[in-house]
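Asker: Take this sequence and fold it.
(2 chains)
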Amino acid sequence: GAGVSQTPSNKVTEKGKYVELRCDPISGHTALYWYRQSLGQGPEFLIYFQGTGAADDSGLPNDRFFAVRPEGSVSTLKIQRTERGDSAVYLCASSRQGGTQYNEQFFGPGTRLTVL
Amino acid sequence: GNSVTQMEGPVTLSEEAFLTINCTYTATGYPSLFWYVQYPGEGLQLLLKATKADDKGSNKGFEATYRKETTSFHLEKGSVQVSDSAVYFCALSLYNNNDMRFGAGTRLTVKP
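Answerer: Modelled structure (predicted):
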């Protein structure tokens, strides 16, 4: 497809469960970003990948959150032992390259996670 | 820290009215500034950007000027349309910082 895609679009889970959220970036984009958007707030940075490596994971709130990008394309955000406070829309973005603020980030439609 | 503060909404205007959405920033260094728009049911889209002081970003009739002296990047449009109804986010990014810092968003509703 032409844009960033994310699956699933909605995920409902129970407190304490494990979830995986997937992001397919635009083909050829080397940089990939994860954000979290809580209700009524702007997106909040979680982690940035340049290629396969996590170049900046300073936004991950705690060690229950982890993300991988093993082949430098698709990325998976993993949340262990989910809590109700993890409920939010998780956004993925990609850009042609990272390391500079000049590269436009293209956002996916997001995954709405609800933890009951 | 680096942050963005934008005008709280919601904002409701009649078609063809003038729009201003205020945005101010705090940053160590010289950020690039952005306005993103989120239409109902869609993902965030870049609306316009400015990378240095006094630059003016423009797109689809929207404009914003990077004002270093007032640390502002206010969004304006001379005549809004119903199709402009959306949530608008101001954001900044610093060189070598790969995270965008977003404001809380301003919901705009334009009535016919």
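Asker: near chain A, which residues of chain B show up?
Answerer: Selection of chain B residues close to chain A by Cβ under 8 Å from any Cβ of the partner chain yields B:4, B:31-32, B:36, B:42-46, B:49, B:51, B:89, B:91, B:93-105. Yep, even glycine has a C-beta here, placed from its N, CA and C like the rest.
Asker: Filter those down to just the buried residues.
Answerer: B:4, B:31-32, B:36, B:43-46, B:49, B:51, B:89, B:91, B:93-94, B:97-105 (16 or more other Cβ atoms under 10 Å in any protein chain shown).
Asker: What about residue A:80, how many residues nearby?
Answerer: By other Cβ atoms under 10 Å in any protein chain shown, the residues close to residue A:80 number 13.
Asker: I'd say it and residue A:64 touch.
Answerer: Yes: at 4.7 Å, residue A:80 and residue A:64 qualify as touching, with contact defined as Cβ atoms under 8 Å.
Asker: quick one on the thing from earlier: of the residues of chain B next to chain A, which belong to strands?
Answerer: Among the residues of chain B next to chain A, the members found in strands (DSSP state E) are B:4, B:32, B:36, B:44-46, B:49, B:89, B:91, B:93, B:101-102.
Asker: out of those residues, who's nearest residue A:51?
Answerer: residue B:93 (19.7 Å; Cβ to Cβ).
Asker: of all the residues in chain A, which ones are close to chain B?
Answerer: Checking chain A against chain B by Cβ under 8 Å from any Cβ, the hits are A:3-4, A:31, A:33, A:35, A:40-45, A:48, A:50, A:55-56, A:58-59, A:91, A:93, A:98-102, A:104-110.
Asker: again, 6 Å this time
Answerer: A:41-43, A:45, A:48, A:56, A:98, A:101, A:104, A:107-109 (Cβ under 6 Å from any Cβ of the partner chain).
Asker: Buried ones among the residues you listed?
Answerer: A:42-43, A:45, A:48, A:56, A:98, A:101, A:107-109.
Asker: Could you list the low-confidence segments of chain A?
Answerer: Within chain A, the segments meeting pLDDT under 70 span A:1, A:98-102.
Asker: roughly how far out does stretch B:15-31 sit from the chain middle?
Answerer: Relative to its chain's centre, stretch B:15-31 lies at 5 Å (Cα atoms, centre = their mean, to the nearest Å).
Asker: for that stretch, which positions count as buried?
Answerer: Neighbour counts using 16+ other Cβ under 10 Å place B:19, B:21-25, B:27, B:31 of stretch B:15-31 among the buried residues.
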